[in-house]
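Novice: Structure of the sequence below:
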Amino acid sequence: MRSKNLGAVSIVAGTSIGAGMLGLPMAIGSLGFVTGTLVLLFMWLIAIYVALLLLEINLEFGKGVNLNHMTKKILGRPGQVLGTGSVFFLFYCLLVAYLTGMGGIIANASGLDARMGTLIFAGISAVLLFSGTDSVVTANKYLFMGMLVAMVVSFATLGGQLNIENLVQGQPKAKVLIMSLPVLFTSFGYHPCIPSIVNYIGDDKKTLVRILTVGSTIPFICYFAWLTLALGSASPDQLASMANVDVLINQMSGGSTWVSTILSLFASLALVTSFIGVAFALFDLVAETFRRKDDKVSRAGTTAMVFLPPLIASLLAPNGFIAALAHAGAAFTIIAIFIPCVMAWKMRDAGQNLAFRAFGGKPAIVLSFLCGIVIVTASYL
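Specialist: Prediction:
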């Protein structure tokens, strides 16, 4: 795979493998291993389908077009406001989760206050984003590779202390399962980056489909392994009572400094790669929506618009990791399911989207829309 395509895959997979992955054991730990795995598989399939649906729409417009423009063209001003507003809300919620998670990890490793850890991480990330697209994609590619290495080492380390008895525990309950759906779906939250990926790669549909398929399959494999190890390292009750990443790491490490260090490194890289992907997409959206220029002064202002709102929120609510993911799940469903379903349906009825169409026809669109209703409802149960 060419370096450019590998970079795009790393954006897709790296954006997914982050706060959502780390939150999975806390969200579905009480369901048990079998039920948790099945619902994760279902969410993965839904995520792949709606990604191809959004790609279908994007290819009809061509490269260089963001969701803001697409929704206005197809759904008019109300659709544009709903779509763009939901994207902003999603991105800011995710950035709050990432900043909060990294603040806790840095505090756990250094002894600093969690808020200070958040400030340090935000400052370093802002400099990277200000540097430009090539710097962001290149940095994310190598960080993603480093994360995969850290993940393999973490999994190998945790595998030695896996307690099989924990995997058969858990009592699946309908309410808990439904309430876990926003976090599960958000765990595959790379869809808002698709316009940026199309802009970066071009309109080669076969390459783009391969990038999205490979990029979304890597997280699923990682999630399955992570879920197995997490559920095998702690009881369902322990997982259900956790509220932040550092608590999960402490529990899974079993008091071992070595294991804690490896897990902290993996969690940090997972959060960083996801953070970069989301911040990258939000930067482009802010620049387009507010017609920002690309000179240094304008880029500095755009960077501030990306970072300041989530930074303030994370400093005010340093333990809001899972809550931020739940809110993000509702916004993400509007962006990744409702709007693409309505747009694709409308464009197909008008005889458009002939170059590429997602599989399944209208029944698949209807099923995805119904799943979206359940996910949004679950966000506020």
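
Novice: Can you identify each of the helices in the stretch 51-200 of the chain by residue range?
Specialist: 67-110, 114-131, 133-159, 164-167, 174-186, 194-201 (DSSP state H, counting those that start in this stretch).

Novice: nearest to Asn58, of the ones you listed?
Specialist: helix 194-201 (5.0 Å; C-beta to C-beta). Every residue, glycine included, has its C-beta placed from N, CA and C.

Novice: tell me what the closest one is packed against?
Specialist: Under the contact definition 3 or more C-beta pairs under 8 Å, 6 or more residues apart in numbering; DSSP states H and E, helix 194-201 sits against helix 3-16, helix 33-61, helix 205-233, helix 257-289.

Novice: Save those as TSV, and put in distance to Gly117, mean neighbour count and mean pLDDT too.
Specialist: Shown next, in TSV, are those (distance: least, C-beta to C-beta, whole Å; neighbours: other C-beta atoms under 10 Å; pLDDT from 0 to 100):
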stretch	distance to Gly117	mean neighbour count	mean pLDDT
helix 3-16	21	24	82
helix 33-61	30	21	90
helix 205-233	23	19	88
helix 257-289	10	23	82
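
Novice: Which of those helices sits closest to Phe91?
Specialist: helix 257-289 (4.2 Å).

Novice: and stretch 139-155, how far out from the chain's middle?
Specialist: How far stretch 139-155 lies from its chain's middle: 16 Å, per C-alpha atoms, centre = their mean, to the nearest Å.

Novice: Residues in contact with that stretch: which ones?
Specialist: 3, 6-7, 10-11, 13-14, 17, 128, 222, 225-226, 229, 262-263, 265-266, 269-270, 272-273, 276-277, 280 (C-beta atoms under 8 Å, 6 or more residues apart in numbering).

Novice: Give the buried residues for that stretch.
Specialist: Neighbour-count burial for stretch 139-155, counted by 16 or more other C-beta atoms under 10 Å, picks out Ala139, Asn140, Lys141, Leu143, Phe144, Gly146, Met147, Leu148, Ala150, Met151, Ser154, Phe155.

Novice: can I get those in a markdown table with pLDDT?
Specialist: Formatted as a markdown table, the buried residues of stretch 139-155 follow (pLDDT from 0 to 100):
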| residue | pLDDT |
| --- | --- |
| Ala139 | 82 |
| Asn140 | 79 |
| Lys141 | 81 |
| Leu143 | 86 |
| Phe144 | 81 |
| Gly146 | 88 |
| Met147 | 83 |
| Leu148 | 83 |
| Ala150 | 85 |
| Met151 | 81 |
| Ser154 | 82 |
| Phe155 | 80 |
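
Novice: Tabulate these (CSV), appending distance to Pro182.
Specialist: Output for the buried residues of stretch 139-155, formatted as CSV (distance: C-beta to C-beta, whole Å):
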residue, distance to Pro182
Ala139, 29
Asn140, 25
Lys141, 29
Leu143, 26
Phe144, 25
Gly146, 29
Met147, 24
Leu148, 26
Ala150, 27
Met151, 24
Ser154, 26
Phe155, 26
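
Novice: what about the helices and strands packed on helix 194-201, which gets the closest to Phe121?
Specialist: helix 257-289 (8.1 Å).

Novice: what angle separates the closest one from helix 205-233?
Specialist: Between helix 257-289 and helix 205-233, the angle comes out at 140 degrees (axes from the mean of the first three to the mean of the last three C-alpha atoms, to 10 degrees).

Novice: from the chain's centre, how far out does helix 257-289 sit?
Specialist: Counting by C-alpha atoms, centre = their mean, helix 257-289 comes out at 9 Å from the chain centroid.

Novice: could you list every residue that touches the closest residue to Cys222 other than its chain neighbours?
Specialist: Leaving aside its chain neighbours, Cys222 sits nearest to Ile17 (5.8 Å; criterion: C-beta to C-beta, 6 or more residues apart in numbering). Residues near Ile17 by C-beta under 8 Å, 6+ apart: Met147, Ile218, Pro219, Cys222, Tyr223, Ala270, Thr273, Ser274.

Novice: What distance do you get for the fourth one to Ile334?
Specialist: Same thing as Cys222. Applying C-beta to C-beta, to the nearest Å, the value for Cys222 to Ile334 is 26 Å.

Novice: out of the buried residues of stretch 139-155, which one sits closest to Asp204?
Specialist: For the buried residues of stretch 139-155, the nearest to Asp204 is Lys141 (19.3 Å; C-beta to C-beta).

Novice: measure the closest residue to Lys205 other than its chain neighbours to Val214 for me?
Specialist: The spatial neighbour of Lys205 that comes closest, neighbours along the chain excluded (C-beta to C-beta, 6+ apart), is Phe356 at 4.7 Å. Distance of Phe356 to Val214, given as C-beta to C-beta: 17 Å.
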